[in-house]
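Trainee: A structural model of the following input is requested.
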Amino acid sequence: MVLMTDAEREYLISYLIGYLLGRRLEALDIAKRML
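Mentor: Residues are numbered from 1 along each chain as shown. The predicted model follows:
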C-alpha cells in the first residue's frame, strides 16, 4: 500500500464519502476548501 500524508488521506476519505452518498459535487467542494 502506498504511504499517504494525513492531508491526502483526508482528501480521499472526503471524496469517497461524497461519492458513496451520490454527492460528488459536494465532495469536490469540500476538497477544494481543504486545499
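Trainee: helices and strands of this structure: which one has the lowest mean pLDDT?
Mentor: helix 24-34 (a mean of 77; mean pLDDT, DSSP states H and E).
Trainee: so how far is that one off the chain centroid?
Mentor: Centre-to-centre, helix 24-34 and its host chain are 7 Å apart (Cα atoms, centre = their mean, to the nearest Å).
Trainee: Show residues contacting that helix.
Mentor: Helix 24-34 is contacted from outside by Ala7, Glu10, Tyr11, Ser14, Tyr15, Leu16, Ile17, Gly18, Tyr19, using Cβ atoms under 8 Å, 6 or more residues apart in numbering. (Glycine included, C-beta is placed from N, CA and C.)
Trainee: Please name whichever of those residues scores lowest on pLDDT.
Mentor: Of all the contacts of helix 24-34, Gly18 carries the smallest pLDDT score, 76.
Trainee: mind exporting the lengthiest helix in the chain as PDB, just the C-alpha atoms?
Mentor: When the chain is scanned for its longest helix (criterion: DSSP state H), the result is helix 6-20. Provided in PDB are the C-alpha atoms of helix 6-20 (Å, rounded to 0.1, in the frame of the first residue of the first chain):
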ATOM      1  CA  ASP A   6      -2.800  12.800   6.600                       C
ATOM      2  CA  ALA A   7      -4.000  15.500   4.200                       C
ATOM      3  CA  GLU A   8      -4.100  13.100   1.200                       C
ATOM      4  CA  ARG A   9      -5.900  10.500   3.300                       C
ATOM      5  CA  GLU A  10      -8.500  13.100   4.400                       C
ATOM      6  CA  TYR A  11      -9.000  14.200   0.800                       C
ATOM      7  CA  LEU A  12      -9.600  10.600  -0.300                       C
ATOM      8  CA  ILE A  13     -12.000   9.900   2.600                       C
ATOM      9  CA  SER A  14     -13.900  13.100   1.900                       C
ATOM     10  CA  TYR A  15     -14.200  12.300  -1.800                       C
ATOM     11  CA  LEU A  16     -15.200   8.600  -1.200                       C
ATOM     12  CA  ILE A  17     -17.900   9.600   1.400                       C
ATOM     13  CA  GLY A  18     -19.300  12.100  -1.100                       C
ATOM     14  CA  TYR A  19     -19.200   9.600  -3.900                       C
ATOM     15  CA  LEU A  20     -20.900   6.800  -1.900                       C
END
